[in-house]
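**Q** Build me a structure from this.
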Amino acid sequence: MPYSLTIDLNKAVEDFAPDLTSDEVDSIAHSIYNEFNYSPVYDTIEKHIIAFVEDNDIAYEIETIADEIEHESIDREDYR
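**A** Below you'll find the model as predicted:
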């Protein structure tokens, strides 16, 4: 079973700033979509994997994307 995380950016903006117009919400959501840094999300996932496998005595080897690829060269569409 695949698991995924999805965030409705427009809804998130509305949750944080309910008084904005729909055009303002859309503009902010569009900006977030284009400029969002996915590195912290992947760092959090990596930390969780490491903690889980260590807590459950699972043999593992973690590959770090950042060691192999510069962040700027990662195509954001690959991680959406």
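
**Q** Just give the number of residues close to Val53.
**A** 14 (other C-beta atoms under 10 Å). C-beta here means a position set from N, CA and C on the backbone, and glycine is covered the same way.

**Q** wait, doesn't it sit right on Lys47?
**A** No - contact criterion C-beta atoms under 8 Å: Val53 and Lys47 do not qualify, at 11.3 Å.

**Q** you'd agree Glu14 is up against Asp26?
**A** No - between Glu14 and Asp26 there is no contact under C-beta under 8 Å: 10.3 Å.

**Q** who are the neighbours in contact with Leu20?
**A** For Leu20, the contacting residues are 13-14, 28, by C-beta atoms under 8 Å, 6 or more residues apart in numbering.

**Q** ok, 10 Å please
**A** Residues counted as contacts of Leu20 (C-beta atoms under 10 Å, 6 or more residues apart in numbering) are 13-14, 26-28.

**Q** Report the separation between it and Ile28.
**A** In this view, Leu20 and Ile28 are 7 Å apart by C-beta to C-beta, to the nearest Å.

**Q** so what sits against both of these two?
**A** Contacts common to Leu20 and Ile28, judged by C-beta under 10 Å, 6+ apart, are 13-14.
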